Every structure is written in structure tokens, then in C-alpha cells.
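> Give me a model of this one.
(one chain, ligands or ions: 1)
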Amino acid sequence: MEPNVSSLDRIKSRMCGPDQTPAGWHRPAHSRSRSTSSSSHSRQKVKVWEVMEDLRMDKSASEETRHDVSYPSICEGYLMKKRKWPLKGWHKRYFVLEKGILRYSKNQYDNSKGKLRGSVDVSLAVMSVNKKARRIDLDTGHILYHIMAKSHDLFYMWVNKLSIHRMYKRNEVAFIHNGFLQALSQDRNTAQRKNSMQETAKISSANPEINEAKVSAWLQQTQDPDNCTQELNRCQTDLSDLKLLVQKLHSLDSGQAANNGELQRIHSMQNLSLEKPKKKYGKIWGHNRTLSRDTLGMFSSKHLSASSHLGTSVPSIPDSISSQLAPPVSSSFESQKLFQDICTMSQRLQMSLSAVHEALSQEYHRIQEAWTSGELRQNTSVQINNLCTTLTELDMQSHQTQIHSRSECSDSEESFHTVTLRKSVRRSSSFTPSVADSTAEYFDACNDIHRTEASDESGLSDASSASEPDEDRAWKYRASLSKAPTKLRQGQWSTSRRTSLLATCPDNSHVGLISILYNNIGKDLSLVSMPVVLNEPVNLIQRLCEELEYSELLDTANETDDPYQRMVYIAAFAISGYGTAQYRNRYKPFNPVLGETFECVREDRGFRYIGEQVSHHPPISACHAVSENFCFWQDQRWRNRFWGKSLEIIPTGMVNVTLPKYGDHYEWNKVVTCVQNVLSQQRYLEHYGEVVIRNLNNSLCTCNITFVKSRYWGSDTNKNAVQGQVLDQSGNVVHRFGGFWHEGIFCDTLPNPQCIWKPHLQPKDYNLYYGFSSFAMEMNELTPDLTPLLPLTDTRLRPDQRLLEEGEVKEADKKKDEVEEKQRARRKLLAKKGEEHIPRFFRKSVDDAGREVWLTNGTYWKLRENPGFRKIKTLELW
Ligand SMILES: CC(C)CCC[C@@H](C)[C@H]1CC[C@H]2[C@@H]3CC=C4C[C@@H](O)CC[C@]4(C)[C@H]3CC[C@]12C
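Numbers count the residues shown, from 1 in each chain. Model prediction:
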């Protein structure tokens with residue numbers, strides 16, 4: 001059927017013939033992300049697909065569209081649509097494109113009755129087209145629509161229409177956004193007249209651009225509520241499909257229940273395909289999700305050995321339903337297939353629902369966070385602010401009263417800490433906490449002491465009574481931390497360094513991460529080339545340097561005579577390196593090329609740092625820093641595991657610190673970092689696992705730190721919680737500390753209980769600048785006095801990173817391609833010559849535990865001084 005276009009004239013004037021290129025048609029900057037393999041086959045494939053960029057409009061045109069009330073004309077007609085995975089093939093569907101929303105129904109009749117099968121906001125989707133195959137892919141990050149037109153004419157018409165509607169919808173959003181801001185400022189003006197509001201109004205109206213940017217940053221991170229509605233609509237469709245499949249299964253067999261073995265077999269079959277979905281499923285249609293381990297938890301644990309990973313289980317489907325879904329004993333191939341389809345569809349449903357749940361709860365938490373951090377309150381009335389503070393204090397007081405009344409130990413806190421701890425924890429120390437999935441063993445320690453002291457010799461703790469005090473303790477730490485002053489970085493270390501970046505960060509919410517991640521499952525993501533808009537203008541060697549932001553903790557450690565207390569400072573330093581992660585989940589660091597270096601001289605902090613990319617396959621970054629008070633070094637490489645919804649980063653390599661005054665050599669491991677909701681804008685980072693700090697030169701004490709994994713369904717009191725203890729040689733707890741890696745660490749066993757670390761305040765408008773701390777902002781700064789001193793391999797001189805920092809995203813993308821291509825050419829050349837790259841400032845060695853480590857060869861600073869890097873030949877990396 002021909003499309004029914006209400007005002008065809010407008011389109012026709014824009015329409016191009018099959019061999020022409022429609023407006024807005026550009027070679028995609030990031031089309032290469034679809035395939036990183038260098039095989040000519042995949043390159044060919046890449047060329048076939050092109051990502052549509054937006055139609056460019058001059059200002060007047062955009063103004064016109066804004067005020068022009070006429071919407072782009074509706075476009076409707078039949079198109080082919082790929083069937084939902086796991087079903088194969090294409091079917092004809094009736095599509096209607098109206099005001100930027102593409103809806104489809106089974107047929108025109110259904111459409112007229114309002115029976116929709118799905119809809120997508122085309123302005124939010126990445127649109128890729130394949131002229132030859134007349135195909136259009138719309139990727140919203142959550143769903144991927146594969147559409148095909150029957151003829152070339154139809155194809156070009158739809159592509160043009162989609163482009164126009166995308167542009168229209170985006171302008172509409174901008175228009176609403178502006179109106180919203182206008183309304184806000186009008187509101188503020190009214191507020192200004194009111195006495196009680198005066199102060200607030202001044203703050204918020206002082207800088208309308210910044211406010212505008214803040215609102216837009218917020219909106220950027222907020223998932224469109226329409227997405228939730230769409231996701232729910234899809235659930236409804238899935239449910240009816242599911243019903244059909246179940247009916248079909250029933251009609252095939254008489255519905256006898258399966259034995260466990262059969263179900264397990266099917267389960268394990270699915271499990272196998274989880275690890276590495278085949279390429280052809282890399283880009284599955286519709287929900288585009290491979291089954292994740294998490295979702296397998298949905299099967300009844302009775303039937304299946306639940307394999308929810310690291311404790312993030314999702315609630316089980318009730319046994320009654322699961323048994324209904326059980327495959328028949330006489331499972332013919334067809335019914336088995338059906339059963340598998342049912343499973344897949346149920347899992348998809350479950351994923352959709354949990355995505356909706358997560359989107360809503362994320363938004364709720366963001367609002368809650370903004371509220372508690374005062375950001376929102378600043379912009380409301382002073383009275384409400386005061387009221388909130390009073391309420392918080394009252395709440396805190398009541399919690400503290402609870403802690404005291406619950407405490408059976410009537411002694412003062414002090415005596416409990418010092419005396420009881422040493423005696424009693426010997427018993428509990430035989431119990432090794434299971435790190436990742438426990439919420440708060442550390443907080444238990446205190447209560448264990450009370451309980452065991454009182455009478456309980458069984459060693460079993462009462463779960464219900466244990467859980468409440470845990471939260472009290474976390475609460476207590478939080479309360480103590482909130483009272484400790486937070487220092488502004490600049491205030492503390494007045495440097496002449498820059499306090500902001502030149503350009504604000506680009507919006508990357510439109511990038512279709514799904515295809516990138518799914519197409520590279522199992523690959524080392526640090527070797528996968530991604531579009532530069534996903535990057536932040538720092539690289540991984542610089543991220544390692546960021547771990548020195550709180551180097552003053554090492555200075556303090558080197559001035560602390562008591563070895564146990566010293567360990568507390570080392571532990572706080574180990575935790576402080578994670579602090580910045582709270583604000584850094586929207587972009588990824590640049591992957592350094594082999595031989596790239598980065599130096600960081602901080603006279604204000606008394607250290608100098610050098611890092612080098614010493615290996616490409618696997619990628620390894622090595623670094624070394626020295627100061628009067630410490631030496632710090634590590635070599636890191638990361639493995640990653642993509643679970644469908646989250647991305648785990650598993651670091652290998654130890655961190656080392658030596659303190660010259662006491663001859664200590666501390667060594668510790670890093671925990672797992674997990675990017676939750678990696679595919680959505682509701683991304684956030686979690687760190688979990690256990691860190692053990694050892695002093696290799698003295699076995700007097702060790703330290704265990706647990707980064708607690710938050711509970712999926714629990715309250716969020718323990719989100720980002722960290723707990724730790726310093727143990728003496730016999731395993732007695734000497735010190736205990738805890739808190740949150742994003743809020744600070746409190747140690748209540750020190751002679752003077754105190755907050756030992758608290759993150760610096762973020763700079764103004766950090767959200768507009770990649771979430772960088774001041775320390776991070778300073779890293780890539782290139783001052784004229786520094787330029788001649790740096791080797792040409794220094795990151796500050798890397799052109800793509802510099803361009804990105806300056807906001808030249810397109811140019812940066814081009815340059816990034818060049819830099820990566822050059823690296824490839826160098827590697828090929830070396831391989832041809834049968835040579836191996838030899839790092840310049842680090843050497844490979846083996847530590848006492850037999851691990852391969854990279855240590856400084858001590859030449860960097862000497863060469864820098866004499867004869868100077870510009871006088872010696874260095875690698876030409878870019
Ligand atoms: C695809 C993109 C846009 C999603 C964002 C991914 C971001 C959040 C990921 C990509 C690389 C990751 C980093 C890789 C390595 C390390 C070192 C480790 O010791 C601490 C975590 C840290 C610093 C990771 C933090 C999270 C990280 C920055």
C-alpha cells in the first residue's frame with residue numbers, strides 16, 4: 001500500500017532519487033564502532049550502514065520551526081518490521097509517524113482502533129540506514145527497531161520524513177525547555193518580591209545561563225517518562241504474545257510437569273549462551289537484550305540453582321507460575337523450542353519491568369539526593385531549609401537515642417571500643433565475612449561483641465536483630481561525617497591552576513551503546529574504539545594519578561608513630577581513590593596508546609608522578625610517584641565483564657606505598673567496579689569486594705576493608721558503604737572504621753574518634769564539566785612553561801584529547817581515528833620486524849609473590865632535567 005502522506009508536496013520537494021543522498025545524510029562519525037575488527041569483511045559491512053545525522057538548520061529556520069505551529073505532515077503506511085527475537089523473519093506492520101513519534105500497529109484497522117503494538121520517539125533514537133537493503137534501524141538505547149521499505153522510493157521518503165520529524169521533535173523539546181526556564185525565572189521574579197524568599201531568589205536568578213545549563217544537565221540525565229510508558233506498552237504486547245505461546249504449548253502437549261533434570265538442562269543450555277551470545281544476536285531486534293545472569297534468578301530456586309551474580313538477585317517468579325511454564329516430559333523438539341521462547345520472552349518481560357522500576361527509583365533517588373544535599377533547598381525557601389535541617393537533626397537524635405538504648409553494654413563508648421574489642425573479636429575473627437553479598441558484617445562486629453559478651457556462644461546471630469543495628473551504625477557514621485567540615489580544594493591548596501575547563505561536556509545520551517557493547521561482548525573494552533563523545537578528556541594513566549588526590553593521608557601516615565593508626569590512614573587513602581567515581585559515570589577515559597606518558601608535578605602537594613602505557617595487549621598502565629613522605633606505584637590492567645545491564649571492571653595489579661620514616665611497604669589489591677545500568681542515562685558506579693592491606697616489611701598488622709555491595713531490594717542506607725578493621729598479628733581488631741566511599745570515613749577507635757577522610761567539595765557546575773573534581777581539571781592543563789619540558793609522548797600533547805577538551809568533538813573524533821590508526825601501523829611494523837615494544841621508563845619484574853610487575857627504571861626525571869626531552873628522540877605517537 002502506498003503511504004498516505006497528508007502533505008506530500010513538502011516531502012516531494014525534498015525527496016531524492018535512489019542514488020541521491022537525502023538531506024542530513026552524513027557518514028557516521030562512529031559507524032566504526034559497529035565493528036572494530038580490522039577484517040575487510042567487517043569493514044565492508046560497516047560501509048553499508050550509515051548513521052543519520054540531524055538535519056542542520058540555520059538559526060532563522062529553527063526560529064521558524066519553533067513558532068510555526070504547523071507540525072510536519074503525518075506519514076503513514078505499511079513497512080516490513082523484523083520480528084521480535086527469538087522469532088525470525090519480517091512481517092508487515094502499519095506505521096504512523098506523527099509529531100516525532102513513530103507508532104505501529106498490526107494493520108491499518110488496528111491502527112484506526114488505536115490498537116498499538118509499539119511506539120518510539122524518533123528524536124531520541126539513533127537512526128542508521130542501509131540504502132542498498134532499504135533498511136532503517138532506530139536505536140533508542142532500550143529498543144532497536146529494524147524496519148525495511150518495500151521500494152527505494154518508499155525508503156527515501158521514510159528516511160526523509162523521519163529526519164524531519166526528529167528535527168521537529170528536538171526543537172519542540174528545546175522550546176518546552178526554554179518555556180520552562182522562562183517560567184522558572186518568572187517565578188523567581190515573583191519570589192524576589194517576597195521578603196522571605198529574597199535571599200534564595202538572588203542566588204538562583206544571578207546566573208540564568210548556569211541555571212539553564214543545570215536544568216538541561218538534569219534533563220539530559222533524566223529518562224524520558226515516555227520511555228517508561230513505551231516500555232510498559234511493550235510489556236503488554238509481550239504479555240499477549242506470551243499468552244499465545246503458552247496456549248500453543250498447551251495444545252502441543254497435555255501440560256505434564258517437567259522433571260527437574262529436564263528443566264535444569266534447558267536452564268544450562270540458556271546459561272551457556274549467556275556467556276558469549278553469538279554475533280548474530282549481537283543486535284537483536286526489539287528489546288535487544290541478551291539474557292543476563294541476573295534474570296535467571298527469576299526461575300524458581302527450587303527448580304534451578306539460582307545463579308544471580310554477586311547477590312544482585314531479582315525476586316523469583318512464584319513456583320506456581322514456574323511449574324506452569326515447565327516443559328513437558330515428552331518434550332518434542334517443537335515444544336522444547338516453544339518452551340525456550342517462553343522463557344526468553346518472560347525474561348525479557350522481567351527485564352523491561354525491572355528497567356522501568358529502576359528508572360523510576362533512580363529518579364526518586366536523584367530527587368532525594370538533590371534534596372538532602374541542599375541543592376534543591378537552596379532554590380526553595382529559607383524556612384523550608386531550616387525546617388528540613390531541624391527535622392534531620394531530630395531524626396538523627398532519635399536514632400542516636402535508639403543506639404544507646406539498644407546497647408546492652410552500659411559502659412561508655414570509649415571503654416567498649418578499647419577494651420571489649422581486643423578481647424572479643426578473636427572469636428568473631430574466625431568468621432570471615434563473605435564480602436560481596438553481605439551488607440554489613442563490619443557493623444555487625446560491634447553488635448557481635450555485645451551479643452557474645454552477653455551470652456550467645458552459639459556463634460549464630462539473629463538476623464533480624466542484626467540488621468537494625470547495622471543501619472544504626474551506618475547512620476552514626478553518616479551523622480559523624482556530616483558534622484565534619486568539607487574543604488574546598490582550591491581553598492585548601494591555593495594554586496595558580498585553572499579552575500574550570502574551556503568547554504562544557506558534550507551530550508552523549510544519543511549514542512547507541514547497545515550495539516557497541518553487544519557487538520563487543522567478550523572483548524577487552526579498552527581496546528574497542530568508541531566515538532569520542534563517550535570520552536572524558538583524561539586518560540587511564542591520569543585516572544591512576546587521580547588516586548593521589550588525597551595524598552595528604554600518606555603524609556599523615558608518615559608522621560604517625562603508632563603502626564595501627566598508621567594503617568588506618570593508609571586504608572583511608574586506599575578508599576579515597578574511589579571518591580571521585582560518584583560523579584564520573586557518563587564518560588569513559590581515553591585509552592592511552594602504547595608508549596604514551598603522563599607526568600604530574602605537584603609542588604603544592606610535594607609529589608611528582610609519572611605514568612606510561614607499557615603494554616597494549618593486554619593494556620597495562622604503570623605509574624610511580626615520589627614525595628618526601630611516600631613512594632606510590634602500581635601497574636593496572638582491567639578485565640571487563642558485560643552482563644547485559646551492568647559492566648563489571650575487574651582490576652588486576654597491586655597498589656604499593658612505602659613510607660620512608662618507618663620503612664613500611666604496604667601493598668593492596670583493588671575491588672571490582674561495576675557500571676550499573678550501563679546502557680541508560682541512569683548509570684551509576686558501585687565498588688564491591690574486599691581489600692587486604694599488608695605491610696610487606698613488617699607483619700605487625702594487616703587491614704581488611706569491605707566495599708559493601710548494596711542490596712537490590714533493600715533500603716539504600718548502605719549504598720556505597722565501606723567498613724574496615726585493622727588487625728594485630730593474632731587477628732584481634734585494634735581499630736575499626738567505616739563510612740561511605742563517596743562521603744567519607746570515620747574511625748571511632750582512635751583515641752580521638754574522628755573523620756579521617758572526607759571528599760573535597762566538587763567545583764562549581766561540575767556536572768557541566770564531566771563531573772571532574774578540581775584535581776582532575778588541572779591534570780590536562782598545558783601551561784606555556786610546561787610545554788617545552790614535556791616529552792612528546794605526554795598526554796597533554798595528544799591532539800584528540802585536547803580537541804575534545806576544547807569542545808571540538810567532530811575534529812576530536814577524526815583525530816582519534818588517526819591516532820589509533822597510527823598505533824595500528826606502528827604495531828604492524830614492529831611485528832613485521834619481529835620486534836617488541838620496550839617501554840621507556842618502566843621495566844618488567846617479578847615480585848615476591850611471583851606476580852609480573854612494572855617498576856620505574858628511574859630515568860624519567862633525570863632525562864627531563866638533563867638533557868631535556870626535547871633534546872632526545874622520542875616516539876612519534878600522533
Ligand atoms: C561507555 C561509557 C560511556 C560508560 C561509562 C563507563 C565508565 C563509567 C567506566 C569506563 C572505564 C572505567 C574505569 C576503568 C578503570 C578504573 C580503575 C579502577 O581501579 C577504578 C575504576 C576505574 C577508574 C573505572 C571507573 C569506571 C569507568 C570510568
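
> Now the closest residue to the ligand within the stretch 251-400 of the chain. Nearest residue, chain neighbours left out?
Relative to the ligand, the nearest point of the stretch 251-400 of the chain is Q362 (15.4 Å; C-beta to the nearest ligand atom). Yep, even glycine has a C-beta here, placed from its N, CA and C like the rest. Leaving aside its sequence neighbours, Q362 sits nearest to Q682 (C-beta to C-beta, 6 or more residues apart in numbering; 4.0 Å).

> low-confidence ranges in the stretch 201-350 of the chain?
201-226, 253-331 (pLDDT under 70).

> for the chain, same thing?
Short version for the chain, where the test is pLDDT under 70: 1-47, 53-70, 85-86, 141-143, 173-226, 253-331, 365, 368-473, 487-495, 711-717.

> what about the residue lying closest to S123 once chain neighbours are set aside, which helix or strand?
Nearest non-adjacent residue to S123, counting by C-beta to C-beta, 6+ apart: K169, 3.5 Å away. For K169, the element it lies in under DSSP states H and E is helix 152-193.

> Which elements pack onto whichever helix or strand I756 is part of?
Using DSSP H and E, I756 falls within strand 754-757. Contact partners of strand 754-757 among helices and strands, from 3 or more C-beta pairs under 8 Å, 6 or more residues apart in numbering; DSSP states H and E: helix 463-483, helix 563-576, strand 744-747.

> To the ligand, which of those lies closest?
helix 563-576 (10.7 Å).

> That closest one near the ligand anywhere?
No - for helix 563-576 and the ligand, the contact criterion (C-beta under 6 Å from any ligand atom) is not met; the two come no nearer than 10.7 Å.

> List the contacts of that helix.
547, 549-551, 553-554, 556-557, 560, 655, 657, 659, 662, 664, 666, 668, 691, 693, 695, 698, 700-703, 705, 722, 724, 726, 728, 734-735, 737, 741, 745, 747, 750, 756-757, 759 (C-beta atoms under 8 Å, 6 or more residues apart in numbering).

> burial of the closest residue to the ligand within the stretch 401-550 of the chain, as a residue count?
Proximity of the stretch 401-550 of the chain to the ligand (C-beta to the nearest ligand atom) peaks at L534, 4.2 Å away. Residues within reach of L534, counting by other C-beta atoms under 10 Å, total 16.

> next one: the one 10 residues further on
Using other C-beta under 10 Å, L544 has 25 neighbouring residues.

> after the helix or strand it falls within comes which helix or strand?
Using DSSP H and E, L544 sits within helix 540-546. The first helix or strand that comes after helix 540-546 along the chain, using DSSP H and E, is helix 552-557.

> and that next one, what does it pack onto?
Helix 552-557 packs on helix 563-576, strand 655-659, going by 3+ C-beta pairs under 8 Å, 6+ apart.

> Please save the CA atoms from that helix in CSV.
Coordinates of each C-alpha in helix 552-557 appear next as CSV, following Å, rounded to 0.1, in the frame of the first residue of the first chain:
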residue,chain,number,x,y,z
GLU,A,552,47.9,14.2,52.4
LEU,A,553,46.7,11.0,54.0
LEU,A,554,50.0,9.4,53.2
ASP,A,555,51.8,12.5,54.5
THR,A,556,49.9,12.0,57.8
ALA,A,557,50.7,8.3,57.8
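
> so what's H837 up against?
594-595, 616, 830.

> Would you mind naming what in this structure lies close to the ligand?
So the chain meets the ligand at 513, 534, 543, 581, 584-585, 587-589, 638, 649, 651, 670, 673, 675, 678, 685 (C-beta under 6 Å from any ligand atom).

> Determine which stretch of the helices and strands packed on helix 552-557 is the most buried.
helix 563-576 (a mean of 24; mean count of other C-beta atoms under 10 Å).

> Report the inter-axis angle for that one versus strand 655-659.
140 degrees (axes from the mean of the first three to the mean of the last three C-alpha atoms, to 10 degrees).

> Provide the strand pairings for the helix or strand following helix 563-576, with the direction of each partner.
Downstream of helix 563-576, the first helix or strand assigned by DSSP H and E is strand 588-590. The pairing partners recorded for strand 588-590 under DSSP bridges are strand 535-539 (parallel).

> can I get the CA coordinates of the partner strand in PDB?
Provided in PDB are the C-alpha atoms of strand 535-539 (Å, rounded to 0.1, in the frame of the first residue of the first chain):
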ATOM      1  CA  ASN A 535      35.100  10.100  26.300                       C
ATOM      2  CA  GLU A 536      36.200  12.400  29.000                       C
ATOM      3  CA  PRO A 537      39.400  14.400  28.400                       C
ATOM      4  CA  VAL A 538      41.600  12.400  30.700                       C
ATOM      5  CA  ASN A 539      43.100   9.000  30.100                       C
END
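
> Show residues contacting it.
With C-beta under 8 Å, 6+ apart as the criterion, strand 535-539 contacts 501, 505, 546, 584, 587-592, 596, 598, 770, 772, 776, 779-780, 795, 798, 801-802, 804-805, 816.

> go again using 6 Å as the cut-off
587-590, 592, 770, 779-780, 795, 801, 804-805 (C-beta atoms under 6 Å, 6 or more residues apart in numbering).

> same question, stretch 801-812
Contacts of stretch 801-812 (C-beta under 6 Å, 6+ apart): 502-503, 506, 532-533, 537, 590, 780, 800, 815.

> quick one on the thing from earlier: alpha carbons only: can I get the helix holding L544 in CSV?
Taking Å, rounded to 0.1, in the frame of the first residue of the first chain, the C-alpha atoms of helix 540-546 are listed here in CSV:
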residue,chain,number,x,y,z
LEU,A,540,43.6,6.0,32.2
ILE,A,541,47.1,6.9,33.3
GLN,A,542,45.6,10.2,34.5
ARG,A,543,42.9,8.3,36.3
LEU,A,544,45.6,6.5,38.2
CYS,A,545,47.1,9.8,39.1
GLU,A,546,43.8,10.9,40.4
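
> Give me the buried subset of the contacts of helix 563-576.
Buried by 16 or more other C-beta atoms under 10 Å: 547, 549-551, 553-554, 556-557, 560, 655, 657, 659, 662, 664, 666, 668, 691, 693, 695, 701-703, 705, 722, 724, 726, 728, 734-735, 737, 741, 745, 747, 750, 756-757, 759, out of those.
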